[in-house]
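Colleague: Any chance you could fold what I've pasted below:
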Amino acid sequence: MPAASPADEPDAVMPGDAVEVGRIVDAWGIKGWVRVQPHSPDPQALFSSKRWYLRPGAGPRRPGDRPLPPLLRITEARRHGAEVVAGLRDVDDRSAAEALRGARIFVARSSFPTAAADEYYWVDLIGLAVVNRAGDALGEVVGLIDNGAHAVLRVQPPAPTDGERPAERLIPFVAAHVDAVDRDAQRIVVDWGLDY
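Modeller: Reported below is the predicted structural model:
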């Protein structure tokens, strides 16, 4: 009887709460390890799970490329400068690791480490409504920027009735401007004026 492939395993199906956390940039060494560029300066989500789910990257696949496995089982992962290097079960040589180049890595959100009080994963802030202390709607968080000192919320204002959408607001994600993050209410309250 042939051995089951990773795609036949029940946990090879991408979980519904999967979050993209990085990208495989290349092989590392000769024993099947890979170099990963994390999407966050703190790659704890990559370390929190021993199962990484894969999807193809943006580039075209070349004829002769090996099929991308849907799931990688991680034997070891550690920081290497700004990147992460990882050993993978059933990936035993450099050629097999190179075949994974460009793959996007997803991890189940439920496997992320628990954030401390007043700490948030960026993925949990995206989509939240932003209102100021007066209750004025400032828009919705569409992304964040890390400027080195702190994160900055990218807030897209609501579309006005005339159809011309105003530019994004950039609001520093610091205590001086952020009064409260209420994930249950899907809202962030900030000290920020409509005319800023």
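Colleague: so how far is R187 from D179?
Modeller: 11 Å (Cβ to Cβ, to the nearest Å). For the C-beta atoms, the positions are set from N, CA and C on the backbone; glycine is no exception.
Colleague: and what of P43?
Modeller: P43 is 28 Å from R187, by Cβ to Cβ.
Colleague: what about those two, which has more around it?
Modeller: Comparing P43 with R187 by other Cβ atoms under 10 Å, the one with more neighbours is P43, at 20 against 14.
Colleague: Looking at the more buried one now. What's its pLDDT?
Modeller: Predicted confidence (pLDDT) for P43: 88.
Colleague: ok, what's across the strand from the closest residue to it other than its chain neighbours?
Modeller: Nearest residue to P43, sequence neighbours excluded (Cβ to Cβ, 6 or more residues apart in numbering): V84, at 5.3 Å. Counting by DSSP bridges, V84 is bridged to V36, R79.
Colleague: Contact partners for V84?
Modeller: Neighbouring residues of V84 by Cβ atoms under 8 Å, 6 or more residues apart in numbering: 22, 35-36, 38, 43, 46-47, 77-78.
Colleague: how about those residues, which pair is most distant?
Modeller: R35 and F47 (15.1 Å; Cβ to Cβ).
Colleague: And the helices in the chain?
Modeller: Ranges of helices in the chain, per DSSP state H, are 44-47, 94-98, 122-125.
Colleague: Flag every buried residue along the first one.
Modeller: Applying a neighbour-count criterion of 16 or more other Cβ atoms under 10 Å, the buried positions in helix 44-47 are 45-47.
Colleague: what do you get for stretch 177-192?
Modeller: 177-178, 181, 188-190, 192.
Colleague: So the protein: which segments form each domain?
Modeller: What automatic domain parsing lists as the domains of the chain is 14-111, 122-190.
Colleague: residue contacts, the residue nearest the centre of the chain?
Modeller: Centroid check for the chain by Cα atoms, centre = their mean gives V21 as the closest residue, at 3.3 Å. Taking Cβ under 8 Å, 6+ apart as the criterion, V21 is in contact with 38-40, 43, 45-46, 105-107.
Colleague: What separation do you get for it and H80?
Modeller: 16 Å.
Colleague: The closest residue to S110 other than its chain neighbours: how many residues sit nearby?
Modeller: Distances taken as Cβ to Cβ, 6+ apart put D17 closest to S110, at 5.6 Å, once the chain neighbours are dropped. Neighbour count of D17, defined by other Cβ under 10 Å: 13.
Colleague: now do D195
Modeller: 4.
Colleague: go on, G29?
Modeller: Neighbours around G29, by other Cβ under 10 Å: 13.
Colleague: what's it sitting at in phi/psi?
Modeller: Here is the backbone geometry of G29 (degrees, to the nearest 10): phi 80, psi -170.
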